[in-house]
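**Q** predicted coordinates and the sequence they were generated for:
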Amino acid sequence: MSASVVTPPSAGADLPPDAASGTPHAPVPTDRRPRALSAALLRSALPAAFRKLDPRDMWQTPVMFVVEVGAVLTTVLAVVHPGVFAGVVAVWLWVTVLFATLAEAVAESRGRAQASSLRATQQHTVAHRVLGTPDELRYGSRLADRPTADVPSSTLDVGDVVVVAAGEVVPGDGDVVEGVASVDESAITGESAPVIRESGGDRTAVTGGTTVLSDRIVVRITAPAGRTFVDRMIALVEGSQRQKTPNEVALNVLLASLTIVFLGAVATLQPLAIYSGSRQSLVVLVALLVCLIPTTIGALLSAIGIAGMDRLVQRNVLAMSGRAVEAAGDVDVLLLDKTGTITYGNRRASELIAAPGVPDAELADAARLASLADETPEGRSIVEFVERGADRSHAGQPAGVDDGDDPLLGATLVAFSASTRMSGVDLPLSDGGVRRLRKGAAAAVHAWVRSTGGELQPTSARGAAAAPTGAAAAVDAAVADVSERGGTPLVVAEQQVDATGYEQPARLLGVVHLKDVVKEGLVERFAELRAMGIRTVMVTGDNPVTARVIAAEAGVDDVLAEATPEDKLALIRREQAGGRLVAMCGDGTNDAPALAQADVGVAMASGTTAAKEAGNMVDLDSDPTKLIEIVAIGKQLLITRGALTTFSITNDVAKYFAILPAMFVAAFPQLGVLNVMHLHSSQSAIVSAVVFNALVIVALVPLALRGVRYRPSSAAALLRRNLWLYGLGGLVVPFLGIKAIDVIVSLVPGLR
Amino acid sequence: MGTSTTAEVWSAAATLATLLVVLAAVHVPLGNYMAWVYSAPRHLRVERAAYRAARVDPDAEQTWRGYLFSLLGFSAASLLALYALGRLQALLPLNLGFTGLDPAGAWNSAVSFVTNTNWQWYSGEAAAGHLLQMAGFAVQNVGSAAVGLGVAMALVRGFARSGTDARVGNFWSDLVRGVLRILLPIAFVAAVLLVAGGVIQNFLPHTEVTTLAGGSQNVLGGPVASQEAIKELGTNGGGFFNANSAHPYENPTPWTNLLEIFLLLVIPFSLPRTFGVMVGDRRQGWAILGVMGAIFLTSVALLTWAEVAGPGAAPHAAGAAMEGKETRFGLAASALFGSATTLTSTGAVNSLHDSFTAPGGGITLVDMMLGEIAPGGVGSGLYGMLIVAILTVFLAGLMVGRTPQYLGKKIGQGEITLVALYVLVTPLLVLVGTGVSVVVGPGLAGPLATGPHGLSEVLYAFTSAANNNGSAFGGITSGTPYYDTALGIAMLAGRFVPVALVLALAGRFASQGKTPETRGTLPTHTPVFVGLVGAVAVVVVALTFVPALSLGPVVESLS
């Protein structure tokens, strides 16, 4: 029997779970992004788009810089030798440049809207600064009772200590050093449920701009004014601090070199043309160059980057660097905490095993009644489990509790006590008797049953093993089985006391199987991750047996059981030594080293300041499963870049077919057969190609901002799909587009 | 014409099939052997003697810079020696009475042979004595090929190694092993076979004899077979005689013709195997071989079609496009040789590319513009193709949602910069060279033809030089100071700038760690990837050269 000794369900009821860890997050992304483009957005972005035409800014994108130079050149030519053709080309080259800056401005303005709402939280509040020497402030106690001085929040510095009372706005980022309070963080997270912040432990961090709803806390400021979390957020979402990410820089190098190749090809075309007796006008050469260089991706590259960061912000994740977002796409190993990430925070009832001769319904009813007054999560889960079962059998009819009669009327609650290690309820019976229901660890309940002279054979002969009767044996077997499966067994028993006070022997009713329940949808999620080539490792403090059971159920690839923070750090180092990129999330101070070591470290906003400093992302929702979405966003960002680059390059084929015959058909009529699109005239062909080149940028802005559709799958499958879509699409679309534009352009008078 | 065309096609197919069967049989053992040569820790006795004589430590691993400096030093010394040999020919023995080469000509020839280009402005039988041929050109045929092999191996080691502080091997060891263990043994066997096939091998001077009919004929002599073997094996291409492999003393029969084609393809087509073995994943070698093979077969098919079908007015009138081709080989064997020589960096010819049909000439041009990667020169073909593969990985890798990596090596900013520069160098040399030459006087004096064909001739010259091919379109008077100098620059830059970039890349890869492959990594051994690499190679070339091509061969073909 000793094998079945298990710890009782957590005795001290936890604090009510705060918004962070308690909400069972569906793994479906909570997408609150606005529509990609709207007229208002475009209007507001237009001035910024014009400002960005400054060549000094333009230089950052070599491709578009070349277009701008071309636009200036053709404008000059159009002025010197006025003509419809030169004029139209000049105008459309300017339009091309403007579309590029507009794309970037629109991407930025979406973040700016978010920033302005954040800035509203930054109103200058009055802080009640505690007076005292630095030593007193650092080591003193009962700081709340010290005298305070009211100062503007903008003057606060690191190490200052402030008192914040109910209804007041926290004046700056800091750690709670005294007291406990519920705080409304909706200004930052958009989550309306208040959260608990208290001194000590892992929930000490408060953010400037949030509001204390109850109680009074003393906060030590950890960030100087102007460098707070919200300040950094604003800078990030506005893109003012945006640095090009490594892959973006690499892509830019490639685009620049392509530009140089085409510059060479077009520049040397003129001598060749002269030799061939068909000297080309500069306008035509510029038009050819602009059509060939990868303007589509060049124009949208920075918008894609900004939008990628923005997508994270929409999901309430703040990346401290773009590098981290890119790294997220490369992650090979995902470390996930078991509790709160893979399983709900607490053990839940998952199964009822009735003793022989006890109807299932009776056990269910008894288990529910015995748990009705139990406020522990385990107790509540039993009630929910039984009622869900009842729902299923009575087609929607809600079970007992809610229909009128309170089943606990006149009942005496028996709270969990360390001595009995059981809890339960004494229900009055209509005949004046009492029905005692108890649940608890197997050993404790067995002891109770035995003490009432219940179903266990009296241990008559000392030394002879007490052979349990049928019911007890079955219950023992069930207890052992549940333990083996990594669960926690709770035994339920009942004792009838009749009106005369005669106590019948107690009898065992059955076993409740409490277990860690894997969150819904996670199994599929892990399967997706596996398809993407990402290995998942579950990190838990549980023993290896329990850990493996949960791991198998959730479908994670590996387990780190009985893990200490050092183990976690060692695991990350080991994976990285093998060349793999590791992502993890954490909230505690002891997670900080691992967060710092990981390539993608997502700190929970509810976590400690140390954790937030160590990670390179902060999740404002404090949702550990968000890691999976972050990986998807990172991948989507890279795919969008790759897809548009491919599209941009394959576009050139059609443009050659449009422009080359147009340039040389006069000298070599036989080149007319290359005019496969049967474009109207040489000039209309060139203008059509230029116009298409500009319009395709606008057409792709929504795609750049939204990101291409990404479904988790293997690299080979993704490649096939995207090649078809953007490679073949890039080949075919311009033929159709240029032809369509040519039909319209040929109507313009003055274009031969 | 019907039956003769059918016969041509059948003979072409049979020749090609024979060639492919032999290549397929040889490339695995030869590839494995080369992997062993460049990985084996022990030195042969003769090699140790060479190292002692040269006072180099063959076991000292060099960084990419050290490797490059050694390589440049060796090449500079070779260049000077060859220049001196050419200039001083009149003073040296076995000169057959020829004078020294003029400065521009000596420079051009020295650069040409040291860069594995073997562009020849001169006629071998009218300018180069036996000493210059043997001690000069033939030695460089071996040396420049071994240099190319070494660079390719350095890059492969970069992929295979990790965290080595940019160490990519030892140049001297690679050079000596390439010469002694690979090139010379095979060349020896090949030379014997060629002699058996009728190629001459003697030290006789060229003598004028009076024929029975009373006319005079120049009977040529020389150590031709030995030079012929390494000319093909090392993808050099510099002929002993002006007519190159069209000359009966160099290439007497269809049988020797096939042997020569085999020789110039065998090492380049075996290197993917070497690569696969050395990086520990043979599938990667198969993929590279797949791309090379696909492009090669496409080119052969197109060129054979162009020559056999003979589109164009003149061939039509004549019945077949036989102008400039040897009747003992016929159309198909000429086309096969043409494809093989321009797709490798050989440049030997058994027919006059200038006389190919318009589309045919265009195809040989495009073959070279591809960067000679299918299968390419000895060594240079492999590293050129790997550069295209890296470029492909960079584009396609993004589309699978990861920062790109090839064989576990990340393609970051530094890597892509080197790749981008590599891709830039040769096209710019070709385009700028051509562009300048068709407008300046001395340039315009070169081409014999005018109009589009004249443009093709100049374009071909610079494409051949910058890509280190060395084949001549003919029809261009290139032995002028202008072309000697300009093409010399193109050859020199077209060889050593890419080599330096490749070595730098090798160093970066060797220093990097290795990222393990997962299902999320772009697979680089699948047919999809093979197709993609081929497409990238073709598209990049097409986008760069289409304007120039459209004014030359395209216009010619359409007229």
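**A** Happy to help now that I have it.
**Q** just give the closest residue to the residue in the stretch 51-200 of chain A positioned nearest to chain B, not the sequence neighbours.
**A** Of all residues in the stretch 51-200 of chain A, A:P62 sits closest to chain B, at 12.0 Å by CB to the nearest CB. Yep, even glycine has a C-beta here, placed from its N, CA and C like the rest. Computed as CB to CB, 6 or more residues apart in numbering or on different chains, the closest residue to A:P62 that is not its neighbour in sequence is A:A256, at 4.3 Å.
**Q** for the residue in the stretch 51-200 of chain B that chain A sits nearest to, which non-adjacent residue is spatially closest?
**A** Taking CB to the nearest CB, chain A has its nearest neighbour within the stretch 51-200 of chain B at B:S162, 8.0 Å off. Leaving aside its sequence neighbours, B:S162 sits nearest to B:K514 (CB to CB, 6+ apart; 4.4 Å).
**Q** hmm, the one you found is touching A:G579, no?
**A** Yes. Look at B:K514 against A:G579 with CB atoms under 8 Å: they come within range, at 5.3 Å.
**Q** give me the common contacts of the two.
**A** B:G408 (CB atoms under 8 Å, 6 or more residues apart in numbering or on different chains).
**Q** quick check: the residue nearest to B:S162 vs B:D281, distance?
**A** 12 Å (CB to CB, to the nearest Å).
**Q** please enumerate the strands of the stretch 401-550 of chain B.
**A** In the stretch 401-550 of chain B, the segments counted as strands under DSSP state E, counting those that start in this stretch are B:405-406, B:409-410.
**Q** can you tell me what sits against stretch A:698-706?
**A** By CB under 8 Å, 6+ apart, stretch A:698-706 touches A:33, A:36-37, A:99, A:102-103, A:106-107, A:110, A:296, A:300, A:303-304, A:307, A:310, A:640, A:644, A:647.
**Q** in PyMOL, how would I select the buried members of those?
**A** Buried residues among the contacts of stretch A:698-706 (16 or more other CB atoms under 10 Å in any protein chain shown), as a PyMOL selection:
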select buried, chain A and resi 36+37+99+102+103+106+107+110+296+300+303+304+307+310+640+644+647
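**Q** give me the subset of the contacts of stretch A:698-706 lying in helices.
**A** The helices, defined by DSSP state H, take in A:99, A:102-103, A:106-107, A:110, A:296, A:300, A:303-304, A:307, A:310, A:640, A:644, A:647 from those.
**Q** lowest-confidence member of these, which is it?
**A** Among those, A:R110 has the lowest pLDDT, at 74.
**Q** pLDDT below threshold where in the stretch 251-400 of chain B?
**A** The stretch 251-400 of chain B contains residues with pLDDT under 70 at B:311-319.
**Q** make it 80
**A** Applying pLDDT under 80 to the stretch 251-400 of chain B picks out residues B:309-324, B:326.
**Q** same deal with the stretch 451-559 of chain B?
**A** Ranges of the stretch 451-559 of chain B meeting pLDDT under 80: B:474-475, B:477-479, B:559.
**Q** for chain A, what is the nearest residue in it?
**A** B:G520 (2.8 Å).
**Q** any idea which helix or strand carries the nearest residue to that residue once chain neighbours are set aside?
**A** Using CB to CB, 6+ apart and skipping residues adjacent in sequence, the residue nearest B:G520 is A:G533, 2.8 Å away. Assigned by DSSP states H and E, A:G533 falls within no helix or strand.
**Q** count of residues packed around A:G533?
**A** For A:G533, the count of nearby residues is 20 (other CB atoms under 10 Å in any protein chain shown).
**Q** kindly report the same for A:A473.
**A** 15.
**Q** report the buried residues of the host helix or strand of it.
**A** Assigned by DSSP H and E, A:A473 belongs to helix A:470-484. For helix A:470-484, the neighbour count (16+ other CB under 10 Å) marks A:471-472, A:474-476, A:478-479, A:482-483 as buried.
**Q** ok, now stretch A:728-742?
**A** A:729-731, A:733-735, A:737-739, A:741-742.
**Q** what's next to that stretch, contact-wise?
**A** For stretch A:728-742, contacts defined as CB under 8 Å, 6+ apart pick out A:646-651, A:653-655, A:657-658, A:676-680, A:684-685, A:688-689, A:691-692, A:695-696.
**Q** buried ones among the residues you listed?
**A** A:646-651, A:653-655, A:657-658, A:677, A:679-680, A:684-685, A:688-689, A:691-692, A:695-696.
**Q** which residue sits closest to A:V126, ignoring its sequence neighbours?
**A** A:D150 (5.1 Å).
**Q** ok, now A:V218?
**A** Ranked by CB to CB, 6+ apart and with sequence neighbours excluded, the top spatial neighbour of A:V218 is A:E178, at 3.9 Å.
**Q** get me the contact residues on the stretch 351-500 of chain B for chain A.
**A** Within the stretch 351-500 of chain B, the positions near chain A by CB under 8 Å from any CB of the partner chain are B:391, B:394-403, B:408, B:411-413, B:415-417, B:419-421, B:423-424, B:427-428, B:431-432, B:434-436, B:438-439, B:444, B:451-452, B:454-455.
**Q** my read is that B:L155 contacts B:A506, right?
**A** Yes. Counting by CB under 8 Å, B:A506 is a contact partner of B:L155 at 4.4 Å.
**Q** what about the two, which has more around it?
**A** B:A506 (31 against 27).
**Q** what's the closest non-adjacent residue to that one?
**A** B:G158 (3.5 Å).
**Q** help me confirm that the one you found is found in a helix?
**A** Yes. B:G158 forms part of a helix when assessed by DSSP: H, G, I helix; E, B strand; the rest coil.
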